[in-house]
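Participant: What follows is a protein structure lacking sequence information:
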């Protein structure tokens, strides 16, 4: 896979790095295919309980799709959409650690994660309307689902730029930290989540996703709740509470 996309895994935590800082971590066909391959590996690895997505360098998390390749037709909005859809559909929690500014499709990549941590002094903008790009339906839906239709209009139609405090206030960012604290804050969150009960976390993420999209399957939600209630993890969690110790969950 491409060395402009790096992946590592330790202690139930996967870490994916966009490693092309000289191009502001923009994504061409090679990078999109690499991301899709890594997402497939992560989805099929039962040892991974949380994924952290970040970028190399200290200027830009991701500038979105390569404009050169978009212009040449080598990649399309649909191929980018397939990548963000794959990230959003991962069963495990995902954390985006935005190491700098975020533009264009990089904003949607971040929105495809469950949690977002940004750094002070960063900016966010989607210049699609300035270029002449109309986002695919799935991408527009993700903006509306995550942020609401009014904010989606400001971001997509008005091509408004948001500074760090604005990103936090509108709910794009969950946490805003000094750049020097980004890695430790992301690791802290990832380590905390990786120690939670996997069955319960995955079940609630699945139900929350359905609630957000307005397509709740009551039978499925009930089955997920039943599985958690009958799990070894629940007994371990209750025992750990009684014994005042940290639980050791197995996902069973």
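Facilitator: Arrived safely. Remember, it's a predicted structure, so these values are computed and weren't measured experimentally. Residues are numbered from 1 along each chain as shown.
Participant: quick one: residue 72 from residue 214, how far?
Facilitator: Distance, residue 72 to residue 214, by C-beta to C-beta, to the nearest Å: 38 Å. Any C-beta I mention is one placed from the backbone N, CA and C, and that applies to glycine too.
Participant: so residue 84 sits right up against residue 143, yeah?
Facilitator: No: applying C-beta atoms under 8 Å as the test, residue 84 and residue 143 come out as separate, 11.1 Å apart.
Participant: shared neighbours, the two?
Facilitator: Both residue 84 and residue 143 are contacted by 108, 111, under the criterion C-beta atoms under 8 Å, 6 or more residues apart in numbering.
Participant: So which residues of the stretch 151-252 of the chain form strands?
Facilitator: Along the stretch 151-252 of the chain, counting by DSSP state E, counting those that start in this stretch, strands occupy 162-163, 175-177.
Participant: Need the residues that contact the shortest one.
Facilitator: This means strand 162-163. Identification of contacts with strand 162-163 by C-beta under 8 Å, 6+ apart yields 122, 123, 124, 125, 155, 170, 172.
Participant: one more time with 10 Å, if that's ok
Facilitator: Residues outside strand 162-163 that contact it (C-beta atoms under 10 Å, 6 or more residues apart in numbering): 102, 107, 120-126, 151, 154-155, 168-170, 172-173.
Participant: what pLDDT, on average, does that strand get?
Facilitator: The average pLDDT for strand 162-163 rounds to 98.
Participant: Let me see the ranges of the helices in the stretch 1-150 of the chain.
Facilitator: Under the criterion DSSP state H, counting those that start in this stretch, the stretch 1-150 of the chain carries helices at the ranges 29-43, 67-72, 77-88, 105-111, 128-131, 137-147, 149-152.
Participant: I'd like to know which elements the first one is packed against.
Facilitator: With contacts taken as 3 or more C-beta pairs under 10 Å, 6 or more residues apart in numbering; DSSP states H and E, helix 29-43 sits against strand 5-10, strand 13-18, strand 50-55, helix 67-72, helix 77-88.
Participant: Over to the last one?
Facilitator: On a contact count with 3+ C-beta pairs under 10 Å, 6+ apart, helix 149-152 meets helix 137-147.
Participant: tell me the mean pLDDT for the helix it packs on?
Facilitator: Helix 137-147 carries an average pLDDT of 94.
Participant: Can you check what angle separates it from helix 77-88?
Facilitator: Counting by axes from the mean of the first three to the mean of the last three C-alpha atoms, to 10 degrees, helix 137-147 lies at 40 degrees to helix 77-88.
Participant: What residues of helix 137-147 count as buried?
Facilitator: Under the neighbour-count criterion of 16 or more other C-beta atoms under 10 Å, helix 137-147 has 138, 139, 142, 143, 145, 146, 147 buried.
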